[in-house]
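Undergrad: here's a sequence, model it:
(2 chains)
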Amino acid sequence: MDQIFHNLVIGFGVAVTPINLFFALIGCLLGTLIGVLPGIGPVATIAMLLPITFNLSPVGALIMLAGIYYGAQYGGSTTAILVNIPGESSSVVTCLDGYQMARQGRAGPALATAAIGSFFAGCVATIIIAVAAPPLAEVALKFGPAEYFSLMCFGLIAATVLAHGSLIKAIAMVIWGLLFGLVGTDVNSGVLRFTFGIPELSDGIGFVIVAMGMFGTAEIVANLEMKEHREIFTSKVKNLWPTKQDFKDAWGAVLRGTALGSALGILPGGGALLASFGAYSLEKKVSKHPEKFGKGAIEGVAAPESANNAGAQTSFIPMLTLGIPSNAVMALMIGALMIQGIAPGPQVMNEKPELFWGLIASMWVGNLMLVILNLPLIGMWVKLLTVPYRYLFPSILVFMAIGVYSLSNNAFDVLIMGVFGVVGYICAKLECEPAPMILGFILGPLMEENLRRAMLLSRGDPTVFFTKPISAGFMIGSFILLLIVALPAIRKKREEVFVEEG
Amino acid sequence: MKIRSQKDFWSGLMFIGSGLFFALWAMEFYQMGTAVRMGPAYFPTVLGFLLVALGAIVLLQSVTAEPEGDQAVHTPFNIIDLLIAFGIYAVLIFLSVKSGFASEWAILSATIVVSLLTMWFRPDAKPLVLITAATIFYGYLMKPLGLVIATAALVFISALGGHEFKWKEVSILFIILILFSVLVFVKGLTLPFPIWPEYFS
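TA: Alright, predicted model coming up:
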């Protein structure tokens, strides 16, 4: 306990220096901005800023980028509640009840609940990281390739089980992603795989490019195909403060959302998106009045919004302690560390305590800034929503194109983004989720590398994954998850939860 | 046999097709190795066949499972249109590179031809085609013609893909975006983009 306190003191010492406060503020502002604006997410934004962070200090860079990620969770809820469009993919479920509350003239309490829930979740998640990360890093130092491989299997399966839609399609998308991730030079043999003689492919396809295509351009096309109609409840944002009854209804949901979100965030494959979906379905299950959901239940706002913020923050744990990216944003964070010449992994905590604890302390500071940015200044963000989409989408495209082009000053990257835009569009039409694919894409090379090493160490004996205790634990966990979903009764329940009412 | 879910049917075929492609390509061209020392073909082959198996299940479900909700695929084109478009695109690029054009110009002209063809025959695909074409133009115009012209191409072409297009509005938007791009990205963040065509500077 003393140790944690001591560490947090170091952390706050780093986080409250004026320059780092400035970076946290920039990150939170940008995060809220892109969270409010539909069609541009933290992945694209962080990718665009990645080349710039080279000129910053490592702590400053990470503080700013982290602020963008959790800031986007705050901003995303504003759009979801007022416009019924998720400003961020993790706010999809907030639309269901948040928008209904706005239609009933209770936009203010909905926004306040989302912000307060997020702040509470952010505080708890900060403490969880501070408490859980050091022992996990200890354990991680003992991880061999077999453990890493099993952990990644577990994470991928957990991500598909909890994602909505068909389980088999989600697993197929993961494998698709793993395969695309293998394009490029094979590190073990130096052989060029699936490059078809195109020199630009020899370094592999950057996942930023794939993510921007699958999420960015595909999303814009989908929006353009729909007729533009938005009903914005800007004039109705009055009496922000929730009533006593609201507090009574929401506090349990906030607690459960925070707990579930923190747990799901730690899983590789987890993060804000998974957390919000999970929390909403849990809330619907435990509620005494499940019929209220989708009709403006405050729990339906409180739980997912607390969960996505908790998940966004705890997803830093596998990145900081294991060096495994659990989602696209964390993969970019690893990129940011690499730019600074820091190899991510369990050693970072001991070698660079000021970086590690500074980042954690900055999360709490950032959450405080976000409450201030989001509640009193809500009017400013709402104004942004009145900007019509026909001005927004060319602007988003310009920033995406600059971001992708500046990765290696190569037009071919932009072409690949276009191709994956078409792929993403078709996947959306076929109800194949792009998120599991991106995750597979990120983990593909890592998984192959660890599989090869594990098999080499075990002399080709595949039972190694089941005889080492930690590895066996992950493998058994994966099977149990698969089994649970395969059982008809539970499968039906899971489908019920995800069939939306509105 | 009746296809009950178009969505599952086509995703099943998509998975089977790409799984077979990856597995067979890997087996044909790369070393398989052994379980102890895996060659470059090992992992993609295993994954490829796993994907084929999953695709087969999805395909099977599309004819057996009771469909829920809307299972039709709402795209403004069908699979044959898509294959024709990609085919023409690849052949055009290949032919113009063969006949001595630089690859940038080959890709740009192929993009123009395929976009026009698609919009002529499948007008509903306009958003998809114009957004994709606009980004490709941006990428390939940047080096020869500079940031200003590339951004103009991106903004005007993509705006054409929207619901309404007003010259005045889009021009103002373009001016704001190009000023922002130049000031923030080129001057502020010193990204090495040429602003004007090489010819002038």
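
Undergrad: around chain B, pick out the residues from the stretch 101-250 of chain A.
TA: Contact residues, the stretch 101-250 of chain A versus chain B (C-beta under 8 Å from any C-beta of the partner chain): A:166, A:168-169, A:171-172, A:175-176, A:178-179, A:182, A:186, A:188-189, A:191, A:193-194, A:217, A:220-221, A:224-225, A:227-228. C-betas here are computed from N, CA, C, even on glycine.

Undergrad: just the buried subset of those, please.
TA: Buried members of these, counted by 16 or more other C-beta atoms under 10 Å in any protein chain shown: A:166, A:168-169, A:171-172, A:175-176, A:178-179, A:182, A:186, A:188-189, A:193-194, A:217, A:220-221, A:224-225.

Undergrad: okay, and which of those residues map to helices?
TA: Of those, the ones assigned to helices by DSSP state H are A:Ile168, A:Lys169, A:Ile171, A:Ala172, A:Ile175, A:Trp176, A:Leu178, A:Leu179, A:Ile220, A:Val221, A:Leu224, A:Glu225.

Undergrad: so for chain B, the centremost residue is which one?
TA: For chain B, the residue nearest the mean C-alpha position is B:Thr132 (6.5 Å; C-alpha atoms, centre = their mean).

Undergrad: and the residue lying closest to that residue once chain neighbours are set aside, how far is that from A:Pro353?
TA: Nearest in space to B:Thr132, with sequence neighbours left out and distances taken as C-beta to C-beta, 6 or more residues apart in numbering or on different chains, is A:Gly418 at 4.5 Å. Look at A:Gly418 and A:Pro353: by C-beta to C-beta, to the nearest Å, they are 44 Å apart.

Undergrad: likewise A:Val210?
TA: In terms of C-beta to C-beta, A:Val210 sits 35 Å off from A:Pro353.

Undergrad: next: A:Asn308.
TA: From A:Asn308 to A:Pro353 the distance is 29 Å (C-beta to C-beta).

Undergrad: what about the two, which has more around it?
TA: Comparing A:Asn308 with A:Pro353 by other C-beta atoms under 10 Å in any protein chain shown, the one with more neighbours is A:Asn308, at 40 against 15.

Undergrad: ok, now which ones touch the residue in chain B positioned nearest to chain A?
TA: Closest to chain A within chain B is B:Gly139: 2.8 Å, counting by C-beta to the nearest C-beta. By C-beta atoms under 8 Å, 6 or more residues apart in numbering or on different chains, B:Gly139 lies in contact with A:Ala401, A:Val404, A:Tyr405, A:Asn410, A:Ala411, A:Phe412, A:Asp413, A:Val414, A:Leu415, B:Ala150.

Undergrad: if we use 7 Å, what do you get?
TA: Neighbouring residues of B:Gly139 by C-beta atoms under 7 Å, 6 or more residues apart in numbering or on different chains: A:Tyr405, A:Ala411, A:Val414, A:Leu415.

Undergrad: wasn't it part of a strand?
TA: No - assessed by DSSP: H, G, I helix; E, B strand; the rest coil, B:Gly139 does not belong to a strand; its assignment is helix.

Undergrad: skip ahead from the strand or helix carrying A:Met319 and say which helix or strand is next.
TA: In the assignment (DSSP states H and E), A:Met319 maps to helix A:316-322. Downstream of helix A:316-322, the first helix or strand assigned by DSSP H and E is helix A:328-339.
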